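**Student:** how does the following fold in three dimensions:
(one chain, ligands or ions: 1)
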Amino acid sequence: MTPTTFIVLAASLAGLLFGSFLNVCIARLPADESIVSPRSRCLSCGHPIRWSDNIPLLSFIALHGRCRDCRARIPWRYPAVELAMVAWSAASFLAPGHLLAVQGVDIDVLLGSFAHAAGLFLLGFFLIGLAFMDWHTGLLPNEFTIGGLCVGLFFAGVESFFVPSVRVKTFFTPEEVFIAHRFGAALAGWLLLWTINRLYTLVRKHRGMGAGDAKMLAMIGAFLGFGQGMLALLLAIAFATAAAVLLLVRRRANSSTRLPFGSYLATGGAVAAFAGPQIINWYSSLFR
Ligand SMILES: [Zn+2]
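**Tutor:** This is a model prediction of the structure:
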């Protein structure tokens, strides 16, 4: 087995375990329930789920998507979240996996790549969770938005250790610039959506986006920086607009229908996380 294959397989396994835990968070956090106890129960018959029926993905397949006791359907969300987390995790660790196979790669570059992948992995955990929670309940719990923001800023600190040091003497070190950029991106994201929110509330006299969307964009900025954070927002607006037009055309919505903007922000964040630098490079090349 090549090092790359090993890293991607290990990452997929970690994704499966985190995806399983994420399902518990999605089911319980919006309802303000504990994510530690009680043990998982069938939503239909309330029977506690045996550990052997609680193995991510495999149990769902073995049980044909039904509860062993009452044969009620297990929501498709459970395997979907686990699969999404596996795919996200594998994609996150692909870059350091490839680096590992390169002969004589600089150790700081390699460690930096792993630090970034670990941050990306956790960003996926928060984004997938928030996407499903907003979709199902219209809520973006602080445990995930503010919690994710804190984790993102922590990873900005971790990644700053591996920022290549430049020879040019400046007042600030490259590490300080790196950390300040991520903090600034988080603050800018929050401030931008907070302001839009206030203006909208003043004009329309009812709330458009929630405060959770602003905290969520701050989190994306903390993990990805300013450019990719803004890209995530622009993509989210594009996706949400497309969805709104589609719903209006099919007469499935009217002007007061609430769109789960957090779900679109998560989708925008996913594209920005993996294709962001390429998209930004392509866009800026149009003006050269
Ligand atoms: Zn049951």
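**Student:** does the residue nearest the centre of the chain sit in a helix, a strand or a coil?
**Tutor:** For the chain, the residue nearest the mean C-alpha position is L127 (2.2 Å; CA atoms, centre = their mean). The three-state label given to L127 by DSSP: H, G, I helix; E, B strand; the rest coil is helix.
**Student:** which pLDDT value goes with the residue lying closest to it once chain neighbours are set aside?
**Tutor:** Of all residues beyond its chain neighbours, the one nearest L127 is A266 (4.2 Å), with distances taken as CB to CB, 6 or more residues apart in numbering. All C-beta atoms are positioned from the backbone trio N, CA, C, and that covers glycine. Listed pLDDT for A266 reads 97.
**Student:** domain map for this protein?
**Tutor:** For the chain, automatic domain parsing gives the domain ranges 1-105, 107-280.
**Student:** for L286, find the nearest of those domains.
**Tutor:** Closest of the domains of the chain to L286 is domain 107-280, at 11.1 Å (criterion: CB to CB).
**Student:** now do the same contact list for the residue of the stretch 101-250 of the chain found nearest the ion.
**Tutor:** Closest contact between the stretch 101-250 of the chain and the ion, by CB to the ion, is at H136 (19.7 Å). H136 is in contact with 26, 30, 77, counting by CB atoms under 8 Å, 6 or more residues apart in numbering.
**Student:** the closest residue in space to F226 that isn't next to it in sequence: what secondary structure?
**Tutor:** In space, and not counting its chain neighbours, F226 is closest to A185: 4.0 Å by CB to CB, 6+ apart. Using three-state DSSP, the structure places A185 in helix.
**Student:** was I right about A185 contacting M219?
**Tutor:** No: applying CB atoms under 8 Å, one finds A185 not in contact with M219, separated by 10.3 Å.
**Student:** and those two? Which one has more around it.
**Tutor:** A count of neighbours by other CB atoms under 10 Å puts M219 above the other of A185 and M219, at 31 against 25.
**Student:** packing partners of the host helix or strand of the more buried one?
**Tutor:** Using DSSP states H and E, M219 sits in helix 211-224. Here helix 211-224 touches helix 107-137, helix 142-160, helix 174-204, helix 226-249, helix 261-285, going by 3 or more CB pairs under 8 Å, 6 or more residues apart in numbering; DSSP states H and E.
**Student:** now the angle between helix 174-204 and that helix, please.
**Tutor:** Compare the direction of helix 211-224 with that of helix 174-204 by axes from the mean of the first three to the mean of the last three CA atoms, to 10 degrees and you get 160 degrees.
**Student:** quick one: average pLDDT of helix 211-224?
**Tutor:** Taken as a whole, helix 211-224 carries a mean pLDDT of 96.
**Student:** give the buried residues for it.
**Tutor:** 212-224 (16 or more other CB atoms under 10 Å).
**Student:** could you do stretch 4-19 as well?
**Tutor:** Quick answer for stretch 4-19 (16+ other CB under 10 Å): 4, 7-8, 11-12, 14-16, 18-19.
**Student:** between those residues, which sits nearest A243?
**Tutor:** Comparing the buried residues of stretch 4-19 against A243 with CB to CB picks out G19 as the nearest, at 25.0 Å.
**Student:** apart from its chain neighbours, what residue comes closest to the closest one?
**Tutor:** Per CB to CB, 6+ apart, closest to G19 is M85, 3.1 Å.
**Student:** with that, I have no additional questions.
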